[in-house]
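1. Coordinates only, no sequence provided:
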């Protein structure tokens, strides 16, 4: 039996020798590479924290001592050591093991953390609660150098610094990278601490000299910890953490279990918050990841477990690739066009623009709030910024979008990648909230292109707007086949037409093709249907209103939440205009969706051509009574 098979919980680690711990670390890496290469997931971050996680579970008593992982990307080793090894066969799959910490899975998971920079706030709140309740428990927060670029982490540190008796240990997992190399002043500071070994060498020299002194050598050596801060101030005078008033230990080699344990044990017995700065290597132990300078295999799909090459990847072009190409083209034409990324240069496709125009791309780190107001400043200064970000992360910058960009009527374009149902990463990463938030921002224009040609048109139009924010959203899926219009109604594209249609399907973005499929099925039942794509979904255009007035029934299909979507906005507008047609809103219900493939989730929601066609037929046949029964949000209700 392997060592890994013998570890069913953290306590099984306690009796292992140093040699056995090294063997266990090797076995965990082998297991991770073999398992994650078959399912996909966050491979690189977890390969980098094997020894770190082993040491944490040997020193601290989880779950009595909570261990909170910022973002949770690096929680796989924690899951293995807490008895979930056998569940990795279904990692990130429907009804399987979550790719992030999950309270439903284990008492060892305290927080379902999957957006960056929040762990320090969670941990300080927990530690304060334990203190007030008189409970002797230590809280550990594991945070990466990338997450420390987020403003929320520094807000937490600001408050932690005055909590002198708080039993809180902050483990900085410093691998110099988030997705790509970490940007900003913090990264430079950590690099100084990480690479300037003059401090450790000088301290060792002083210790050896003092200990060799006769009679007084021992007592003086015991006082060395009092001098340690002074030595560091002279040699590395930028110890930012200590300047905050938080005890700092490090840097500690993050792949040396013995040194990690000694540092954690020392921190555990200190009366107050402590930062333990560890140096790790993202992707350690997997040659393909170590050689990859782009993201060290931060997140992978199914790959070859030896070469790291993708397996079963569709050769079709993606929305991200199309956006990447169009940005370069527009940047060549317009010197005022600039781009912003929040630590996702490659995932959002801005790397090509950065290669072509390196002085016009700004990576602000994991700091979406700053990115948005920074964009406002750029726009106020006469440039047109494009902030490319995952749809789910725009949630974090709503106030800045509303008050700094929209209130000032500034031309900033937000390009939202991974919009709609994304699937395996679970509820935190589905891009289903952005549309609802954008819909209440005065003056904002939003487009969800249905194909590559419409993406190019929307992007070109968006960057020409200088007096209001514009939003372009698209899916993580491959680009669909081109879907040309068969006619126009003012600014609205007609995708499928019929003689005297009674039903209008409004489908746009990723659901435009779905609307056409639904129309074909409904037409086969003898019901004439017209399909329209409004192109610019917000605000509701006069042309879409007049088109709706020509139909008895209007069904809106959208890959976003029904609350605040086009259907909701259209219903309100038609009521205000006195247009007497029945509108049925079909989209994603306002609930947190479990993980699974996009196809599985859409099927569970009834968002398939077959299910929707049946619902439309019933609406048409049953008339007013059917409308009264089915006019509720969410497709599952539409099919009632």
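-> Arrived safely, thanks for sending. No experiment lies behind these values; they were computed from the predicted model shown. Numbering: from 1, shown residues only.

2. my guess is residue 169 is in a strand, correct?
-> Yes - going by DSSP: H, G, I helix; E, B strand; the rest coil, the assignment for residue 169 places it inside a strand.

3. Please tell me I have it right and it contacts residue 142.
-> No - contact criterion Cβ atoms under 8 Å: residue 169 and residue 142 do not qualify, at 9.4 Å. (Glycine included, C-beta is placed from N, CA and C.)

4. can you map out the helices along the stretch 301-450 of the chain?
-> For the stretch 301-450 of the chain, the helices defined by DSSP state H, counting those that start in this stretch occupy 319-333, 351-356, 368-380, 391-394, 398-399, 434-438.

5. For the stretch 501-640 of the chain, give me the ranges with low pLDDT.
-> 622-640 (pLDDT under 70).

6. Could you list every helix and strand that the longest strand along the chain packs against?
-> Using DSSP state E, we find that the single longest strand of the chain is strand 553-561. Judged by 3 or more Cβ pairs under 8 Å, 6 or more residues apart in numbering; DSSP states H and E, strand 553-561 is in contact with helix 434-438, strand 503-507, helix 512-523, helix 566-577, strand 582-588, helix 609-630.

7. Need the mean per-residue confidence for stretch 163-179.
-> Mean pLDDT, stretch 163-179: 83.

8. Next: stretch 469-476.
-> The model assigns stretch 469-476 a mean pLDDT of 96.

9. okay, now the domains of this protein?
-> With automatic domain parsing as the criterion, the domains of the chain are listed as 3-196+236-288, 197-235, 319-473, 489-638.

10. Would you agree residue 92 is in contact with residue 40?
-> Yes - Residue 92 is in contact with residue 40 according to Cβ under 8 Å; the separation is 6.4 Å.

11. which of those two has more neighbours?
-> residue 92 (22 against 19; other Cβ atoms under 10 Å).

12. end to end, how far does stretch 484-498 reach?
-> Stretch 484-498 has an end-to-end distance of 16 Å (Cα to Cα, to the nearest Å).

13. Outside of it itself, which residues are in contact with it?
-> For stretch 484-498, contacts defined as Cβ atoms under 8 Å, 6 or more residues apart in numbering pick out 483, 505, 507, 512, 515-516, 519-520, 523, 528-536, 541-544, 546-547.

14. Let's see that with 7 Å instead.
-> 483, 512, 516, 519, 523, 528-535, 541, 543-544, 547 (Cβ atoms under 7 Å, 6 or more residues apart in numbering).

15. mind checking how far residue 424 is from residue 476?
-> 10 Å (Cβ to Cβ, to the nearest Å).

16. circling back: out of the domains of the chain, nearest to residue 309?
-> domain 3-196+236-288 (7.9 Å; Cβ to Cβ).

17. Against residue 372, how distant is residue 365?
-> 13 Å.

18. Between these two, which is the more surrounded one?
-> residue 372 (29 against 26).

19. That one against residue 397, yeah?
-> Yes - here residue 372 lies in contact with residue 397, judged by Cβ atoms under 7 Å, at a distance of 4.1 Å.

20. Just name the most buried of the helices and strands packed on strand 553-561.
-> strand 503-507 (a mean of 27; mean count of other Cβ atoms under 10 Å).

21. name the helices or strands packed onto that strand?
-> helix 512-523, strand 529-533, strand 553-561 (3 or more Cβ pairs under 7 Å, 6 or more residues apart in numbering; DSSP states H and E).

22. buried set for stretch 309-327?
-> Of the residues in stretch 309-327, those buried by neighbour count under the rule 16 or more other Cβ atoms under 10 Å are 318-320, 322-327.

23. ugh, typo on my part, it should be stretch 532-552
-> 532-538, 540-541, 543-545, 547-548, 551.

24. Likewise for stretch 10-27?
-> Neighbour-count burial for stretch 10-27 [16+ other Cβ under 10 Å]: 10, 13, 16, 21-22, 24-25, 27.

25. Check stretch 78-87 too.
-> Within stretch 78-87, judged by 16+ other Cβ under 10 Å, the buried ones are 78-85.

26. that older thread, what does the longest strand of the chain contact?
-> By Cβ under 7 Å, 6+ apart, strand 553-561 touches 419-421, 432-433, 435-436, 475, 502-511, 514-515, 548, 565-567, 570, 581-588, 590, 616, 619-620.

27. Report the angle between that strand and strand 529-533.
-> 40 degrees (axes from the mean of the first three to the mean of the last three Cα atoms, to 10 degrees).

28. Just the angle for strand 553-561 relative to strand 503-507, thanks.
-> 20 degrees.

29. Who does strand 553-561 pair with, and is each partner parallel or antiparallel?
-> Paired neighbours of strand 553-561 in the sheet (DSSP bridges): strand 503-507 (parallel), strand 582-588 (parallel).

30. looking at these, which is closest to residue 453?
-> Among these, strand 503-507 sits nearest to residue 453 (Cβ to Cβ), with 16.6 Å.

31. For residue 453, give me phi and psi.
-> Per-residue torsions, residue 453: phi -60, psi -40 (degrees, to the nearest 10).

32. returning to that earlier point: let's have the buried residues of stretch 78-87 in a markdown table, adding distance to residue 283 and secondary structure.
-> Output for those, formatted as a markdown table (distance: Cβ to Cβ, whole Å; DSSP: H, G, I helix; E, B strand; the rest coil):
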| residue | distance to residue 283 | secondary structure |
| --- | --- | --- |
| 78 | 18 | helix |
| 79 | 19 | helix |
| 80 | 17 | helix |
| 81 | 20 | helix |
| 82 | 23 | helix |
| 83 | 26 | helix |
| 84 | 22 | helix |
| 85 | 21 | helix |
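
33. Please, which helix or strand holds residue 494?
-> strand 492-496 (DSSP states H and E).

34. Name the strands paired with that strand and say parallel or antiparallel.
-> Checking strand 492-496 against DSSP bridges gives partners strand 487-489 (antiparallel), strand 529-533 (antiparallel).

35. tell me the angle it makes with helix 512-523.
-> Going by the same axes, to 10 degrees, strand 492-496 makes 50 degrees with helix 512-523.

36. what is the mean pLDDT for strand 492-496?
-> Rounded mean pLDDT across strand 492-496 is 97.

37. now stretch 90-100
-> The average pLDDT within stretch 90-100 is 87.

38. what comes up buried for it?
-> 91-93, 96-100.

39. List of residues touching that stretch?
-> 35-36, 39-42, 72, 75, 79, 84, 87-88, 105, 112-114, 424-426, 595-597, 600.

40. I'd like the helices and strands packed on strand 553-561 laid out as JSON lines, including distance to residue 454.
-> Shown next, in JSON lines, are the helices and strands packed on strand 553-561 (distance: least, Cβ to Cβ, whole Å):
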{"stretch": "helix 434-438", "distance to residue 454": "17"}
{"stretch": "strand 503-507", "distance to residue 454": "13"}
{"stretch": "helix 512-523", "distance to residue 454": "9"}
{"stretch": "helix 566-577", "distance to residue 454": "16"}
{"stretch": "strand 582-588", "distance to residue 454": "20"}
{"stretch": "helix 609-630", "distance to residue 454": "21"}
